[in-house]
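S.K.: 3D, please:
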Amino acid sequence: AVRVNGQQRKKSFKKFRSGDVIDVRFLVDIGTLPLEPEAMDLDILYEDDELLVINKAAGLVVHPAPGNWNGTLVNGVLHHLGFASS
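M.R.: Modelled structure (predicted):
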């Protein structure tokens, strides 16, 4: 789910302006999806306590799904943020 300035937006929304507040929530049932942290090289452009900006490599799958349960950006970010394997 993506909200811009408190308004629900579609994934394809691209009309951002300086000062916009963007809230992204991942609606995932952790109990049914095998999210495992995996060490990988991430091209991190910026990071602070609330934001992580990554230059995603072309061809890198973003999230686990049938056919790609590991080696995804989500797996790498979980490892980077210190989440433990289940």
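
S.K.: Leaving out chain neighbours, which residue sits closest to the residue most central in space within the chain?
M.R.: The chain has Val74 as the residue nearest its centroid, 5.6 Å off, counting by CA atoms, centre = their mean. Nearest residue to Val74 in three dimensions, chain neighbours excluded: His63, at 4.6 Å (CB to CB, 6 or more residues apart in numbering). The C-beta positions use only the backbone N, C-alpha and C, and glycine is treated the same way.

S.K.: residue contacts, that neighbour?
M.R.: Contact analysis of His63 by CB atoms under 8 Å, 6 or more residues apart in numbering lists 72-74.

S.K.: now those residues as TSV including distance to Leu42, secondary structure and pLDDT?
M.R.: Formatted as TSV, the contacts of His63 follow (distance: CB to CB, whole Å; DSSP: H, G, I helix; E, B strand; the rest coil; pLDDT from 0 to 100):
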residue	distance to Leu42	secondary structure	pLDDT
Thr72	12	coil	94
Leu73	8	helix	96
Val74	11	helix	93
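
S.K.: can you list the residues you listed in a markdown table and add distance to Ala84?
M.R.: Listed next are the contacts of His63 as a markdown table, based on distance: CB to CB, whole Å:
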| residue | distance to Ala84 |
| --- | --- |
| Thr72 | 18 |
| Leu73 | 19 |
| Val74 | 15 |
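
S.K.: so which of those residues comes closest to Leu35?
M.R.: Val74 (6.5 Å; CB to CB).

S.K.: residues in contact with that closest one?
M.R.: Taking CB under 8 Å, 6+ apart, we find Val74 in contact with 35, 62-64.

S.K.: Of the residues you listed, just the buried ones, PyMOL syntax please.
M.R.: Entered in PyMOL, the line below selects the buried ones among those, by 16 or more other CB atoms under 10 Å:
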select buried, resi 35+64
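
S.K.: Which two of the contacts of Val74 have the greatest separation?
M.R.: Using CB to CB, the pair of the contacts of Val74 lying farthest apart is Leu35 and Val62, separated by 12.6 Å.
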